[in-house]
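Asks: Provided below are the primary sequence and the corresponding predicted coordinates.
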Amino acid sequence: MRVQGRLSPSPSRSARMKDRPAILYVDDEETNLLLFQMAFEGARDVLIANSPNEGLIKLTENKERIISVISDMHMPKMNGVQFINEARKILNTIPYFILSGYSYNDEVDAALKEKKILKFFTKPFDRAEIEEYLNKINN
């Protein structure tokens, strides 16, 4: 017996992407956003936000698939630790990281000790080091 009817179209690229795990990277410098996205896009999506406020919006909109957040430390209006404190109110079950071109400071040290962030990475970033942590999250 032959069943007639239309086949469902294959999911669009954007629909498929919404099912993939994602990391969110927040930085106020466009070049850093693009470099990070190019370096880490692949097995997971990389969502980028050019301000902490945009990061909070993207986190809210994608919280079901974001597996980690990485934030720059020094940004206007809200630094990385302040952003992460706000982000944890939205999604507290994932690891958060700081990536900064500035030196490690007391605020970062306190965030690490309080387990608000898992690791402090330095710029220019070491792709292999960050990838190692991201792979641990996926496993």
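Replies: Thanks, I have it.

Asks: residue 108 contacts residue 121, correct?
Replies: No - between residue 108 and residue 121 there is no contact under Cβ atoms under 8 Å: 10.7 Å. Where you see a C-beta, it was placed from the backbone N, CA and C, and this is true even at glycine.

Asks: overlap of the contact sets of the two?
Replies: 98, 100 (Cβ atoms under 8 Å, 6 or more residues apart in numbering).

Asks: quick one: the helices in this structure?
Replies: Here the chain has its helices, by DSSP state H, at 13-17, 30-40, 52-62, 80-90, 106-113, 127-138.

Asks: let me have those helices in JSON lines, extended by mean neighbour count and distance to residue 24.
Replies: Formatted as JSON lines, the helices of the chain follow (neighbours: other Cβ atoms under 10 Å; distance: least, Cβ to Cβ, whole Å):
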{"stretch": "helix 13-17", "mean neighbour count": "10", "distance to residue 24": "14"}
{"stretch": "helix 30-40", "mean neighbour count": "15", "distance to residue 24": "11"}
{"stretch": "helix 52-62", "mean neighbour count": "17", "distance to residue 24": "6"}
{"stretch": "helix 80-90", "mean neighbour count": "19", "distance to residue 24": "8"}
{"stretch": "helix 106-113", "mean neighbour count": "14", "distance to residue 24": "17"}
{"stretch": "helix 127-138", "mean neighbour count": "13", "distance to residue 24": "12"}
